[in-house]
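**Student:** Sequence plus predicted model, see below.
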Amino acid sequence: MQGPLGGPRAEGDIIPVNPRVEGAGISLDRVADLSDLDRAAIRVLSLAVYPPEEAATWPGRYLEWAKGEWCVRVWGDAGDLVSYTGIILRQASCDGRPARVGGIGGVMTHPAARGRGYAAQGIRRAMDFFREREDIAFALLVCEPGLLGYYARLGWLEFYGRLQVRQRGEPADFTFNRVMVHDVEAASPTLGTIDLMGPPW
């Protein structure tokens, strides 16, 4: 079988995973409803984005992370899974007031498909999902400092306040990555205290 550039397929290459999709496509799905084939394709994508030798030394491996409840998957022109965006819905609080938050995490795009706007498509579809629900006050994600500019171009703002999370049931301040927010039903806060009342994503 050939790889994406015409040579032999190697481990981590983009593989066709959804024969129902002809050409580029986007799918929003509940994670619990994914098939075994869907899950296998996501694992292959994850291994390409996070090779085991890099994952083994990633400092964040010691943190407890929330698992996505929903996801957006993006396929390339040949029907290959090229990008994934995880979605978390969480009852949180902002400065002590209840706030329903839409979380975006686990964003990954195959290295051979980067720079083509696939991740942006997935993130925009996730934001549409938050707006369609009509109960999400604002959206939140965490990222490495080098990605602040990328998300800013998609309309995200840096949050300069305090982000509280839970780690194995215990309250903790999240300082591992930078925090960004986006308006949904309300203006997103850029200062103050957000308590996610659970693990980060």
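**Tutor:** In hand now; what should we look at? Here the structure is a predicted model, which is why all the values come from computation and not from measurement.
**Student:** which residue ranges form the helices in this protein?
**Tutor:** Secondary structure of the chain by DSSP state H: the helices cover 36-49, 52-55, 118-133, 148-153.
**Student:** List the buried residues of the last one.
**Tutor:** In this case it means helix 148-153. Within helix 148-153, the residues scored as buried using 16 or more other Cβ atoms under 10 Å are Tyr151. To be clear about C-beta, it is placed using only N, CA and C from the backbone, and glycine gets the same treatment.
**Student:** Average the pLDDT values over that helix and round to the nearest integer.
**Tutor:** For helix 148-153, the mean pLDDT works out to 98.
**Student:** and if you look at the longest one?
**Tutor:** Summarised as a single mean, pLDDT over helix 118-133 is 97.
**Student:** tell me the pLDDT at Gly25?
**Tutor:** The per-residue pLDDT reported for Gly25 equals 94.
**Student:** Distance check, it against Ala56.
**Tutor:** To Ala56, Gly25 is 34 Å away according to Cβ to Cβ, to the nearest Å.
**Student:** Those two: which is more packed in?
**Tutor:** Legend: neighbour count by other Cβ atoms under 10 Å for Gly25 and Ala56, higher for Gly25 (15 against 9).
**Student:** Find the nearest non-adjacent residue to the more buried one, please.
**Tutor:** Nearest residue to Gly25, sequence neighbours excluded (Cβ to Cβ, 6 or more residues apart in numbering): Trp75, at 4.7 Å.
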